[in-house]
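1. return atomic coordinates for the entry below.
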Amino acid sequence: MGIFRHGAAQKIVSSGDQNKDGSLDFNEFTKYLKDHEKKLRLTFKSLDKNNDGSIDASEIQQSLSELGMSVTKKDAQKILQSMDINGTMMVDWNEWREHFRFNPAHNLDDIMHYWKHSSVLDIGDSLAIPDEFTEKEKTSGIWWKQLVAGAVAGAVSRTGTAPLDRMKVFMQVHSSSTHRISLSGGFKQMIREGGVSSLWRGNGVNVLKIAPETSIKFMAYEQYKKLLSSEGSKLEIHQRFMAGSLAGATAQTALYPMEVLKTRLTLRKTGQFSGMFDCARAILHKEGVKAFYKGYVPNLLGIIPYAGIDLAVYESLKNAWLSHYAKDTPNPGILVLLCCGTISSTCGQLSSYPLALLRTRMQAQATLDPSDQPSMSELVKRIMAKDGFFGLYRGILPNFMKVIPAVSISYVVYEYMKSGLGISQ
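-> Coordinates of the predicted model:
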C-alpha cells in the first residue's frame, strides 16, 4: 500500500514516512494515525476546561486567550461551527477527531507551551538552545515579556549563587594536585582577603551581559531558523540544534570580552581594579585587544556538546513522559518540568566542563604568569601531565552545588515576573 506525495497529503507523508522512501506503507500510516490521535486527545483535554467531555465557544475563547490571541465570542462560535457536526454548538471528542484527523500538525502549540525550559531555568551558563515561540506569541507581544521575565530571573539567580560561581572559577585557576583548595578553605581565604562582599566579585558583569546576550541570541536564532528551514515549515530537531548553536556562537562572539572581564574581576585582589571599565582599560593597556578574546576557541567549541546534549536529553525526557504518562493533559507539572530541565542542563554542563575550564584558565593566564601564554592543546597536556584526566574537572563540585538553588530561584522569580507582566499561565 502506498500513499504518495500529492497536494495537502505531502505534510502527512513527511510526518509519517519513517524510511524516507517518499510514501507511506500500511504500518507507517497506522502508526501516524495512532500518534496523531494521541496528540489530538491531549489537545482536546487541554481545551475542555470543565472536563465535561465537550468543548464550547467560551472554552475556545479562553484557550486562545491563554496562547496570546484575543477573539470575540462571535469568532469563537464560528470556529466551533466549523467542527460541530450535529449542530449542538458543542464539540465532543468524535467531532474533534474527525475534523483534525488528517491535519498534519506534529508539534502542537500546547505541548510546546508547557515544555519550554531555557528561559525559565538559569544555572549560570548561556549555551542552551533558545526558546521556540508560537506565531501567536510573537504577534501578541508575549514573547518579549517572557524574555524579560527570564532575564530578570537569571539576574536574581546568578546573584544568589555568585559565591559558588566565584569558588568554581577560583578552583579552576588555582587548584591543583600539589595545591588543593577545599570549599571551606577557599571561602575562608576569599573572606580573609576581601571580606564577605568579595564573594560577589565579577557578578556585576555576569548579570549585565544577560540582557544583550538574550536579545542577540533570540534575534540570531530567528534568522538562522529562516535560513535552515523552508517557508512555513517546522524545524526538525537537528535544525533546532544547528540554529541554536549558531545563535549561541553569534551571541558569545559579540559579548566575549565581557566573559574575559568577568573572569578577571572574579579573580581580582582587593584594590586591584576600581571597576569594570578600569579593568578593561588595564587589560587593553598591558595586553592589547587580543587579550579580550583569550579562551575564545574552547568557549566556542563548548557550545556544541552543551547545546547538543542539553537538547537531546531534554527532548528524550519530554518524549518519554508524553509517551508513558500524558493521559489527560500535556502539562507535566512543575516538578517534572524542573527535573527534566535540571537533568538536561547538568548533562550539558558535564560534557562541556573541560572546555569551560580551559577557557577560564586561558582568560586568567596573564594574572598568573604574563610571560607564559600556552595554546589550548599545550594547556591540556600540562593539566593532564600534572593532575590527570580529573584535572579537567577542577571546580565541578561548587558548580554542581549551585544547580538546585539556581534552578529554584530562577523559577520562583520567573513566575513572579510573569504575574507582574500580565502573562497568563
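2. and the strands in this protein?
-> With DSSP state E as the criterion, the chain has strands at 3-4, 23-24, 54-55, 91-92.
3. where along the stretch 1-150 of the chain do the helices fall?
-> 9-16, 26-47, 57-66, 73-83, 93-100, 109-114, 135-140, 142-160 (DSSP state H, counting those that start in this stretch).
4. out of these, which gets the lowest mean score?
-> When mean pLDDT is averaged over each of these, helix 109-114 scores lowest at a mean of 54.
5. against Trp93, how distant is Gln81?
-> In this view, Gln81 and Trp93 are 18 Å apart by C-beta to C-beta, to the nearest Å. In this view, the C-beta of every residue, glycine as well, is placed from N, C-alpha and C.
6. look at these two and report which has more neighbours.
-> A count of neighbours by other C-beta atoms under 10 Å puts Trp93 above the other of Gln81 and Trp93, at 15 against 12.
7. give me every residue that touches Val207.
-> Val207 is in contact with Gly154, Ala155, Arg158, Thr159, counting by C-beta atoms under 8 Å, 6 or more residues apart in numbering.
8. can you rerun that using 6 Å?
-> Neighbour list for Val207: Ala155, Arg158 [criterion: C-beta atoms under 6 Å, 6 or more residues apart in numbering].
9. pLDDT at it, what is it?
-> For Val207, the predicted pLDDT is 93.
10. before we move on, what about the one 3 residues further on?
-> The model reports Ile210 with a pLDDT of 88.
11. that one and Ser197, how far apart?
-> Distance of Ile210 to Ser197, given as C-beta to C-beta: 21 Å.
12. which one's more surrounded, those two?
-> Using other C-beta under 10 Å as the criterion, Ile210 and Ser197 rank with Ile210 on top: 19 against 8.
13. for Leu246, which non-adjacent residue is closest in space?
-> Of all residues not flanking Leu246 in the chain, Tyr224 sits nearest, at 4.8 Å (C-beta to C-beta, 6 or more residues apart in numbering).
14. ok, now which ones touch the one you found?
-> Neighbours of Tyr224 in contact, by C-beta under 6 Å, 6+ apart: Ala243, Leu246, Ala247.
15. can you pull the contacts of Thr270?
-> Applying C-beta under 6 Å, 6+ apart to Thr270 gives the contacts Gly194.
16. can you read off the pLDDT for it?
-> 90.
17. what's the distance between Arg166 and Leu80?
-> Counting by C-beta to C-beta, the gap from Arg166 to Leu80 is 57 Å.
18. those two: who's more crowded?
-> Arg166 (24 against 21).
19. pretty sure the more buried one is touching Thr266, no?
-> Yes - when contacts are counted by C-beta atoms under 6 Å, Arg166 is listed as touching Thr266 (5.3 Å).
20. on that earlier part again, narrow the contacts of Tyr224 to those in helices?
-> Using DSSP state H, the members of those that fall in helices are Ala243, Leu246, Ala247.
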